[in-house]
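here is the input, now give the coordinates:
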Amino acid sequence: MQNAEAAEQLALQLKGLLRDKTMTHDQLASCYSINQGHSLVQKLKEMSLGDHMTLSAFVNHFHEHFEAVGKNQLKAKALATPTSPSSEGSHIPHARRIEGYGSVNAGPGEGGEEPEEQSMRYSDISQSLRNILKEASGPLPLQKLDALFVEKYQTSVSAIAGMSTVEYLQRKESLFEYNSAEQTVTLLEKGATITAGEMDERFVIKEFIQLIESMGPVTYISTICGKFIQRNGISVTSVISSRPLDLFKRHPDSFLVLGAGNVTLKKYESLPEVQRLMEPAPKAHKKAREKVTEDPLEIPDVITEQHVVEEFRRLILADGMDSVYISSLCGRFLQRFKQPVAAIIDSKPAEFLRRHPDIFVMTGGGNVGLREVLGPDAVSVLPPATRTKPTAQVEAGAFHAALTEKDLRDLEHGTLGQEASQAFMAALEVIRSELQEVSFLAVDRVVVGGPAGHGLHPSHGAEIVVFVRQLPFNNFSQWLPHIVETLTSVLLIAFSRTWQ
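Have a look, this model is predicted:
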């Protein structure tokens, strides 16, 4: 094992995923992929420096955490019950009996009685994470935080919350700061204990310097203003009675305003990441911006789609930002031309902009930028999936001829006949029940869908639909293929037994 500390953390993470369950190696690998957003096989490969260590070989190194049950199956070893009260049990809400891992002694209650047995709840997670981060006295790597949580409380965040640790931290962004680039977690402490009446410009400057030092060297102005509100419960504008940008410009000895809404500290001026943002824009870009700012388009008698393109480009350049809300562009277009964009174009504004990829780049979240600003390599985000409705002509012509009794029988039973239809439906029911029985996922229910599920003959189509709880809502490409591959293998094994 090349990295003992990382290996121990991974072992504790896997143990937290197992809890009181017994899983095959493939099932455990799938759960890890869902929880962490990357492959367990790849993780083991990185830890063994390319030696392609298997999961079986890994768990053999940690026999104190895992117990082999049958062939290719694992379960977590229960921890021994502590014989003395924990020094932390009196103030930690999770020092309770954790289901499937025996007792975690929280010390005797009043009169020497044992505390009430209770499983950890969702509401306990936040305080538990805060306790770990306070003990660390600084940022912790995400994996280490997960491992410490499992080691200390014998369960994982995902097992309680039904979501990955990252998703939980993002929902609690007022308490925790997750740095996705460095994969670290920081506890956000409250700001200085000072009343709103005692806050002044000097206080705001001090707070901004601390925030940029912890988040920087470069950060968005809007981001640090949001953090200021979280720390102090009041907006910057309410304290200084002016824009934050004006504050930075009044104190050039402390702050350095960069392009695209960024700010840094004057002492960071020589850093490479700051220098890159200080590079002047190409002359062609500067001239284009000056031209569109000083010489707006004259309002023509007949407004065409080309006028929409030119006005949107002018507005984005005039703002001097990397991207602008599409709704903001439409509103400002209406103010100037006295016509809504929808009255000129024949589609939604976002779809219209996508038809001009040489000019516009869709940056996501309802924003759009210019290719000449973002660069030729900028790629637009994919549009959301749409479902097309059948046209009126198709609906009207779907059944244009009268149906005979034979046609109706064929529609009901298909060309295979009624007995074959019933046999087919019986086979579908076997598959449905087997899938619900052997699946290692948190299955809510399994139903027969498609035409067969609506009472039509299976020859028109049939689907087995699995409703699963506790799956992530993003990064599908990282975990879904592995889930499908593992589930397919499990089903093939189960079906081979059923139809032998």
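
domains in this structure, by residue range?
196-278, 295-374, 405-498 (automatic domain parsing).

now for these, which one comes closest to residue 131?
Ranking the domains of the chain by proximity to residue 131 (C-beta to C-beta) places domain 196-278 first, at 20.1 Å. In short, each C-beta sits where N, CA and C put it, glycine included.

what's the least confident helix or strand in this protein, going by average pLDDT?
Ranking every helix and strand in the chain by mean pLDDT, DSSP states H and E puts helix 283-294 at the bottom, with a mean of 51.

helix or strand right after it?
Later in the chain than helix 283-294, the nearest helix or strand by DSSP states H and E is helix 305-319.

packing partners for that next one?
Contacts defined by 3 or more C-beta pairs under 8 Å, 6 or more residues apart in numbering; DSSP states H and E place helix 305-319 against helix 283-294, helix 326-337, helix 349-354, strand 367-370.

quick check: mean pLDDT across stretch 427-444?
The average pLDDT within stretch 427-444 is 74.

go on, stretch 367-383?
Mean predicted lDDT for stretch 367-383 stands at 79.

ok, stretch 53-65 next?
For stretch 53-65, mean pLDDT rounds to 81.

stretch 239-257 now?
For stretch 239-257, mean pLDDT is 86.

same question for stretch 448-457.
Per-residue scores along stretch 448-457 average to 69.

then stretch 163-175?
Rounded mean pLDDT across stretch 163-175 is 78.

distance between the ends of it?
Chord length of stretch 163-175, first to last residue, is 17 Å (C-alpha to C-alpha, to the nearest Å).

which other residues reach that stretch?
34-37, 125-126, 130, 142, 145-146, 156-158, 161, 176, 178, 180, 185, 187-188, 230, 470, 472 (C-beta atoms under 8 Å, 6 or more residues apart in numbering).

what do you get for stretch 125-134?
So stretch 125-134 is in contact with 88, 92-94, 120, 140, 145, 148-149, 152-153, 157, 160-161, 168, 172, 175-176, 185-187, going by C-beta under 8 Å, 6+ apart.

rerun at 7 Å
Stretch 125-134 is contacted from outside by 92-94, 140, 145, 148-149, 152-153, 157, 160-161, 168, 172, 175-176, 185, 187, using C-beta atoms under 7 Å, 6 or more residues apart in numbering.

any idea how far that stretch is from the chain center?
Chain-centre distance of stretch 125-134: 21 Å, with C-alpha atoms, centre = their mean, to the nearest Å.

and it, what's buried?
125, 128-133 (16 or more other C-beta atoms under 10 Å).

got a list of what the nearest residue to residue 350 once chain neighbours are set aside touches?
Sequence neighbours aside, residue 326 is the residue nearest to residue 350 in space, at 6.0 Å (criterion: C-beta to C-beta, 6 or more residues apart in numbering). Counting by C-beta under 7 Å, 6+ apart, residue 326 touches 349-350, 366-368.

who wins for most neighbours among those residues?
residue 368 (23 neighbours; other C-beta atoms under 10 Å).

list the contacts of that residue.
323-324, 326, 353, 360-362.

now stretch 304-314: average pLDDT?
pLDDT averaged over stretch 304-314 gives 90.

before we move on, which element is residue 57 in?
Assigned by DSSP H and E, residue 57 falls in helix 55-60.

which elements pack onto that helix?
Applying 3 or more C-beta pairs under 7 Å, 6 or more residues apart in numbering; DSSP states H and E, we find helix 55-60 packed against helix 25-36, helix 40-47.

how far is it from where the chain is centred?
30 Å.

touching that helix from outside, list them.
Contacts with helix 55-60, where a contact means C-beta under 7 Å, 6+ apart, come from 25, 29, 40, 44, 66, 74.

quick one: contacts for the third one?
Contacts for residue 40 were tallied using C-beta under 7 Å, 6+ apart; they are 29, 32-33, 55.

same list, the residues you listed, but as CSV with distance to residue 464 and neighbour count please.
Below are the contacts of residue 40 laid out as CSV (distance: C-beta to C-beta, whole Å; neighbours: other C-beta atoms under 10 Å):
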residue, distance to residue 464, neighbour count
29, 24, 21
32, 26, 22
33, 23, 24
55, 29, 20
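
closest one of the contacts of residue 368 to residue 264?
residue 323 (20.5 Å).

was I right about residue 186 contacting residue 140?
No - counting by C-beta atoms under 7 Å, residue 186 stays clear of residue 140, with 8.0 Å between them.

pipe the helices and strands packed on helix 55-60 into a markdown table and attach distance to residue 220 per row.
Formatted as a markdown table, these follow (distance: least, C-beta to C-beta, whole Å):
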| stretch | distance to residue 220 |
| --- | --- |
| helix 25-36 | 28 |
| helix 40-47 | 32 |
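
and the ones you listed, which one's lowest on average pLDDT?
Across the helices and strands packed on helix 55-60, helix 25-36 gives the lowest mean pLDDT, at a mean of 75.

got the contact list for that one?
14, 17-18, 39-41, 55-56, 72, 74, 158, 164, 440, 471-472, 478-479, 482-483, 486, 489.

please repeat the previous calculation with a cut-off of 8 Å.
Counting by C-beta under 8 Å, 6+ apart, 13-14, 17-18, 23, 39-41, 43, 55-56, 72-74, 143, 156, 158, 164-165, 440, 471-472, 478-479, 482-483, 486-487, 489-490 sit against helix 25-36.

list only buried entries from those.
Among these, those scoring as buried are 13-14, 17-18, 23, 39-41, 43, 55, 74, 143, 156, 158, 164-165, 440, 472, 479, 482-483, 486-487, 490 (criterion: 16+ other C-beta under 10 Å).

among the contacts of residue 40, which two are most distant?
Going by C-beta to C-beta, the pair spanning the contacts of residue 40 furthest: 33 and 55, at 12.2 Å.

what strand or helix carries residue 14?
If you go by DSSP H and E, residue 14 is part of helix 4-18.

for that helix, buried residues please.
Here helix 4-18 shows 6-18 as buried, counting by 16+ other C-beta under 10 Å.

packing partners of the helix ranked longest in the chain?
Across the chain, the longest stretch assigned as helix under DSSP state H is helix 476-498. Helices and strands touching helix 476-498, as assessed by 3+ C-beta pairs under 8 Å, 6+ apart, comprise helix 25-36, helix 418-438.

roughly how far apart are residue 438 and residue 427?
16 Å (C-beta to C-beta, to the nearest Å).

same question, residue 201
Counting by C-beta to C-beta, the separation of residue 201 from residue 427 is 76 Å.

what's the answer for residue 469, then?
As for residue 469, its distance to residue 427 is 27 Å (criterion: C-beta to C-beta).

go through the helix or strand residue 248 falls within and flag the buried ones.
Per DSSP H and E, residue 248 falls inside helix 244-250. For helix 244-250, the neighbour count (16+ other C-beta under 10 Å) marks 244, 247-248 as buried.
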